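Participant: Pasting the sequence and the predicted coordinates here, then a few questions.
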Number of protein chains: 2
Amino acid sequence: MYELLNQRIREIIPLTDEAFEFCKTLFLPKKLRKRQYLLQEGDVSKYTAFVEKGMLRTYSVDEKGIEHILQFSSEGWWVSDLYSFLTNEPSRFNIEALEDAELLLITRPSWDLLLEKVPAFERYFRILIQNNLIVTQRRLMGTLSETAEQKYSKLIKTYPDCLQRVPQHMVAAYLGITPETLSRVRSQIASRE
Amino acid sequence: MYELLNQRIREIIPLTDEAFEFCKTLFLPKKLRKRQYLLQEGDVSKYTAFVEKGMLRTYSVDEKGIEHILQFSSEGWWVSDLYSFLTNEPSRFNIEALEDAELLLITRPSWDLLLEKVPAFERYFRILIQNNLIVTQRRLMGTLSETAEQKYSKLIKTYPDCLQRVPQHMVAAYLGITPETLSRVRSQIASRE
DNA sequence: CTAACTTTGTGATTCAAATGAATAAGTTGA
DNA sequence: TCAACTTATTCATTTGAATCACAAAGTTAG
């Protein structure tokens, strides 16, 4: 436990052992069974979580009852509803474990303390959020310009592993297409080879 | 000049006058005429710009030649292609002045220096990027779940001023719909009142 | 001032993907 | 172990928005 967290942080910022020991004290280990929720719509996102093991999805449900997936989070990634975590407003998102998962949770007060006591973490989170912004901007532009097939093709190139672990109808909910369309796209691609 | 920058920074982080004086030395004032480009596709984004005056758009052109607008930037906002600025890779975006504009430019080396000498700026940019990520995530989810009319209605609620300054076909390119569809949506909304 | 260009609005037609419906295979748990 | 649920596929039909085409009003530069 904590090895992956340690490793991921040190890939981005240098950190003394002492600082990491302090960091560790702020996290709360938590296990989730498949289909358990880290966050449900209407609740406040009390924690930001680092994923040690497992796979989660962050999704919202629109007025027609259709689910839309914001992101999948596997080992080494962070997950929360940033807006709710920062403002204490109720979240519009659900965060659900798709596999049994092991998480490290940090509360808002602990997170503030971490940023205050170890200012290098301002840089760490700035870079993390920056990278997230870049991929989200790209996904947004792709959503506006690409066909269903192009979106799927790009996804299998970028995250081939994710598709092995996630059911197809959730991949469709991530791409913003119906499961039927995804099924058709896949069979078309397959027939061309 | 610099008053707006000063004000916007101090809304988010406290800063000594000395630190702001240093900060000022790192920026290069630049005027753009309407239709001039700050960045063109294929070039590296050498600068991040703070908008003192005017309105710009950041857009990309897809393989069919259709323009898609990532963002509009008016007074008090920052603009650049973050990815290109950080990696020195050629940009896929164009940044164009929609009105005569006054900018404050900062290069990557100066930006690094600013972060190094005044670490509070790590926090400033972290918060800035964080807010940008939140609105981009919302826009992405809206793109996946909303109809053309819902997207437009939300936009006029959120940025009513922007619509006064930007031609309709660019609003359409921002929403990811055609100018014809936008025209129809507008007349439908108007006829309902 | 006016010709060229930009911007907005409407109509007819087309198209990609959604919807609705049915089936079958795979998985889960009592 | 077998019923209940989940998942993936394939069909016919519908639909929201794109595309094509044109007109008219507004703006700009020489």
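Facilitator: Done, it's in. Numbers count the residues shown, from 1 in each chain, chains lettered A, B, ... in the order given.
Participant: Would you mind extracting the C-alpha trace of the lowest-mean-pLDDT helix or strand in chain A into PDB?
Facilitator: When each helix and strand of chain A is scored by mean pLDDT, DSSP states H and E, helix A:160-165 comes last, with a mean of 85. Provided in PDB are the C-alpha atoms of helix A:160-165 (Å, rounded to 0.1, in the frame of the first residue of the first chain):
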ATOM      1  CA  PRO A 160      -6.800  -0.400 -25.500                       C
ATOM      2  CA  ASP A 161      -6.500  -1.900 -22.000                       C
ATOM      3  CA  CYS A 162      -9.600  -0.100 -20.700                       C
ATOM      4  CA  LEU A 163     -11.800  -1.700 -23.400                       C
ATOM      5  CA  GLN A 164     -10.900  -5.200 -22.100                       C
ATOM      6  CA  ARG A 165     -12.100  -4.400 -18.600                       C
END
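Participant: Packing partners of the helix ranked longest in chain A?
Facilitator: The residue-count maximum for a helix in chain A (DSSP state H) belongs to helix A:120-145. Applying 3 or more C-beta pairs under 8 Å, 6 or more residues apart in numbering or on different chains; DSSP states H and E, we find helix A:120-145 packed against helix A:108-117, helix A:148-158, strand B:67-73, helix B:82-87, helix B:120-145. C-beta: built from backbone N, CA, C; applies to glycine.
Participant: just these: most buried one?
Facilitator: strand B:67-73 (a mean of 21; mean count of other C-beta atoms under 10 Å in any protein chain shown).
Participant: C-alpha coordinates for it, PDB please?
Facilitator: The C-alpha trace of strand B:67-73 is given here as PDB (Å, rounded to 0.1, in the frame of the first residue of the first chain):
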ATOM      1  CA  GLU B  67     -14.200  25.000 -37.800                       C
ATOM      2  CA  HIS B  68     -14.800  24.000 -34.200                       C
ATOM      3  CA  ILE B  69     -14.400  26.600 -31.500                       C
ATOM      4  CA  LEU B  70     -12.800  25.600 -28.200                       C
ATOM      5  CA  GLN B  71     -13.200  28.900 -26.500                       C
ATOM      6  CA  PHE B  72     -13.800  32.600 -26.700                       C
ATOM      7  CA  SER B  73     -11.500  34.800 -24.600                       C
END
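Participant: still on that earlier bit, chain center to the least confident helix or strand of chain A: distance?
Facilitator: With C-alpha atoms, centre = their mean, to the nearest Å as the basis, helix A:160-165 stands 14 Å off its chain's centre.
Participant: do stretch A:114-122 as well
Facilitator: Relative to its chain's centre, stretch A:114-122 lies at 22 Å (C-alpha atoms, centre = their mean).
Participant: if we can go back for a sec, counting by contacts, list what the least confident helix or strand of chain A packs against.
Facilitator: Using 3+ C-beta pairs under 8 Å, 6+ apart: helix A:160-165 touches helix A:148-158.
Participant: what comes into contact with the helix it packs on?
Facilitator: A:142-143, A:146, A:162-163, A:171, A:174-177, A:181-182, A:185-186, A:188-189 (C-beta atoms under 8 Å, 6 or more residues apart in numbering or on different chains).
Participant: Next, see if that helix gets close to DNA strand C.
Facilitator: Yes - Helix A:148-158 is in contact with DNA strand C by C-beta under 7 Å from any atom of the strand, via A:Ala148, A:Glu149.
Participant: ok, now stretch A:162-179?
Facilitator: Yes - against DNA strand C, stretch A:162-179 shows contacts by C-beta under 7 Å from any atom of the strand at A:Gly176, A:Ile177, A:Thr178.
Participant: Make a PyMOL selection of whichever of these turn out to be buried.
Facilitator: Buried residues among the residues of stretch A:162-179 next to DNA strand C (16 or more other C-beta atoms under 10 Å in any protein chain shown), as a PyMOL selection:
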select buried, chain A and resi 176+177
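Participant: filter the residues of stretch A:162-179 next to DNA strand C by proximity to chain B?
Facilitator: For chain B, the contacts drawn from these by C-beta under 8 Å from any C-beta of the partner chain are A:Gly176.
Participant: could you redo the residues of stretch A:162-179 next to DNA strand C as JSON lines and give each row pLDDT and secondary structure?
Facilitator: Below are these laid out as JSON lines (pLDDT from 0 to 100; DSSP: H, G, I helix; E, B strand; the rest coil):
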{"residue": "A:Gly176", "pLDDT": "93", "secondary structure": "coil"}
{"residue": "A:Ile177", "pLDDT": "94", "secondary structure": "coil"}
{"residue": "A:Thr178", "pLDDT": "94", "secondary structure": "coil"}
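Participant: which residues does the residue in chain A that DNA strand D sits nearest to contact?
Facilitator: Of all residues in chain A, A:Gln168 sits closest to DNA strand D, at 3.1 Å by C-beta to the nearest atom of the strand. Listed by C-beta under 8 Å, 6+ apart, the contact partners of A:Gln168 are A:Pro179, A:Leu182, A:Ser183, A:Arg186.
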